[in-house]
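**Q** Have a look; sequence and predicted model below, questions after that.
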Amino acid sequence: MIQHVVCRFSSVKKLLAVGVLSLFSAVLVKGALGQAQSQPVIEAATIKPVKEPNHTQFHDSTEGRRLSMRYTTLSDLMMMAYEVDPRQILDGPAWVATDEYDIDAVAVEGVQANESEEAMLKELMADRFQIKVHREQRVMPVYVLEVAKGGPKLKAADADRSENSGCEHIGVCWFHKRTLGNFARFMQFVVLDKPVVDQTGIAGSFDFELKWTPDESQFRGMGIRVPLPTDGTTALPGLFTAIQEQLGLKLEARKIPAEVLVIDHVERPSEN
């Protein structure tokens, strides 16, 4: 599940604190798009429009059967439930990305919210927003992740290590037991300004670090302004060079058919 860092972005599990930048673990999207689960997972839910929207205050939390979200848009819910970048959400009315809601939901007995968050969000959107969507391919600007000349420089994950990721600070990050699909999604959701498509063809999980000097174009979606070097020098390479030198991979900007999520129907929810 994609984790939120400082401002609005996907499923919030941790915040920027004590110099640790929480990342994410990816999940597969299951079930029919825009349809409630065959077995309901929500016992009760309330949705209240936010009277004074503040796009920097989005956060969520889970505790037992309870899921709470504050200052969240429908676009946020879609990013979490369907694992898409906002640039991959098409054809919806403007309010999908601007109207903010406070949401509280309780899962049915025996279901933990933190383990069923995607299912809860899909059911919530289908029942309360009447959303119907479909996926299709559209030609769009993306970054393609491929194997660089000379081959990958990746260490197979330690089987005894738990899945984990983090950053000591912006531009110094580590990935434990992560796939390259996970890594591509991190680049897409957290660092870069375009979707990232994994075309490495490499399966398996890996343990690796990536150290680079971010530029001003990176981390903008997280509401983070990257400071410029004060001494006119940088000790670490830029992102694209670092990925090639340290991981044996490469990122290239291209226009290719990529998957998007198209909104066919949606309604504002009634307040209750």
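**A** Right, received. Where do you want to start? Numbering: from 1, shown residues only.
**Q** could you pull out the helices for the stretch 1-150 of the chain?
**A** For the stretch 1-150 of the chain, the helices defined by DSSP state H, counting those that start in this stretch occupy 74-82, 95-98, 117-128.
**Q** Can you check which of those gets nearest to Ile256?
**A** Ranking the helices of the stretch 1-150 of the chain by proximity to Ile256 (C-beta to C-beta) places helix 74-82 first, at 20.0 Å. Every residue, glycine included, has its C-beta placed from N, CA and C.
**Q** Low-confidence stretches in the stretch 151-272 of the chain?
**A** Under the criterion pLDDT under 70, the flagged ranges of the stretch 151-272 of the chain are 221-223, 227-234, 271-272.
**Q** where along it do the strands fall?
**A** 155-156, 164-169, 172-178, 196-198, 206-211, 249-265 (DSSP state E, counting those that start in this stretch).
**Q** could you say what helices and strands the shortest one packs with?
**A** With contacts defined as 3 or more C-beta pairs under 8 Å, 6 or more residues apart in numbering; DSSP states H and E, the packing partners of strand 155-156 are strand 206-211.
**Q** And for the third one?
**A** Judged by 3+ C-beta pairs under 8 Å, 6+ apart, strand 172-178 is in contact with strand 164-169, helix 180-186, strand 206-211.
**Q** helices or strands next to the second one in the packing?
**A** So that's helix 180-186. strand 132-147, strand 172-178, strand 196-198.
**Q** which of the helices of the stretch 1-150 of the chain sits most buried?
**A** helix 74-82 (a mean of 24; mean count of other C-beta atoms under 10 Å).
**Q** chain center to that helix: distance?
**A** Here the centre of helix 74-82 is set off from its chain's centre by 9 Å, with C-alpha atoms, centre = their mean, to the nearest Å.
**Q** What mean pLDDT does that helix get?
**A** The average pLDDT within helix 74-82 is 90.
**Q** Just confirm Ile103 contacts Leu124, I think it does.
**A** Yes. Ile103 is in contact with Leu124 according to C-beta atoms under 8 Å; the separation is 7.2 Å.
**Q** Overlap of the contact sets of these two?
**A** 45, 47 (C-beta atoms under 8 Å, 6 or more residues apart in numbering).
**Q** follow-up on the earlier one: tell me which of the strands of the stretch 151-272 of the chain sits nearest to Val139.
**A** Short answer: strand 249-265, nearest of these by C-beta to C-beta, at 5.4 Å.
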